[in-house]
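S.K.: quick one, fold the following:
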Amino acid sequence: MEYSEVIENWKLFSVGVKEIGGEVHTLSIEEPATEDEVATVESKLGFEIPRSLKEVLLVFSKKVEFRWFLPDNYKMEGELSQIFSGDRHWSLEWLVKFNENKNELRDEIFPNKNDPYDLVWHDKLAFHEVGNGDYLAIDLSRAGQEPVVYLSHDFGDGHGVEMAKNFKEFVFLSSRLGCVGAEDWQWLPFLVEGVPFINPDSENAIRFREALRVKV
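M.R.: Next comes the predicted model:
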């Protein structure tokens, strides 16, 4: 997949949401970052930005915002019934603040690395604040690997689940799901038992796109 296809997918879902009476609050894609801008943020973070995230920032966009909401009276069925929105946002500029906030929560509530639940909050780079105390983050604990994982503050079912093998793949995969809301209960229906990561070719994914009349 190319970045141009990601943008096209976002536009198609925007049309689909609007046609059923929903709202697209924003679809904004800024220019790519410069090497100097990335280096400045890395200096503030104290470590290098993961390779896949850095590529997206340098080649695609340093700041993206895409948010939509289904109409209040529109309800999907079955496992899709809790989906109500889509949200994808990242920004090179926000990385420092997001991680300061995440680290404060980690140190206050999840400090114990010997506790399996707490451990998930450690050695992560948060790139997306879900808005309910949870985060989407990149796992920094394994050399050569950069999976996107979910950090839940309240024992959500998605805690520690790997959503994609790296940030770039996350952007590609989630674009085929309209960047369905970041809360774990909105994207968990797109996991398939025995298959890693969110699956845009699953039965639920096909049903979801059919409901919005989107073909991607």
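S.K.: SS state for the residue of the chain positioned farthest from its centre?
M.R.: Relative to the centre of the chain, the most outlying C-alpha is that of N114, 27.1 Å out, by Cα atoms, centre = their mean. With DSSP: H, G, I helix; E, B strand; the rest coil as the basis, N114 sits in coil.
S.K.: L151 is in contact with G133, isn't it?
M.R.: No. L151 is beyond contact range of G133, at 9.1 Å (criterion: Cβ atoms under 8 Å). Any C-beta I mention is one placed from the backbone N, CA and C, and that applies to glycine too.
S.K.: quickly list what S85 is bridged to.
M.R.: When bridges are called by DSSP bridges, S85 pairs up with F69.
S.K.: which residues touch it?
M.R.: Listed by Cβ atoms under 8 Å, 6 or more residues apart in numbering, the contact set of S85 reads R67, W68, F69, L70, V180, G181, Q186.
S.K.: which of these has the weakest pLDDT?
M.R.: Least confident entry in those, by pLDDT: G181, with 93.
S.K.: neighbours of E203, just the number please.
M.R.: Neighbourhood size, E203 [other Cβ atoms under 10 Å]: 12.
S.K.: check the one 10 residues further on too.
M.R.: Look at R213: counted by other Cβ under 10 Å, it has 11 neighbours.
S.K.: and for L12?
M.R.: By the measure other Cβ under 10 Å, the count of residues near L12 is 19.
S.K.: list the contacts for it?
M.R.: Per Cβ under 8 Å, 6+ apart, neighbours of L12: V214, K215, V216.
S.K.: now swap in E100 and tell me
M.R.: Applying Cβ under 8 Å, 6+ apart, no residues contact E100.
S.K.: confirm that it sits in a helix.
M.R.: Yes. Counting by three-state DSSP, E100 is part of a helix.
S.K.: how near is it to E8?
M.R.: E100 sits 35 Å away from E8, going by Cβ to Cβ, to the nearest Å.
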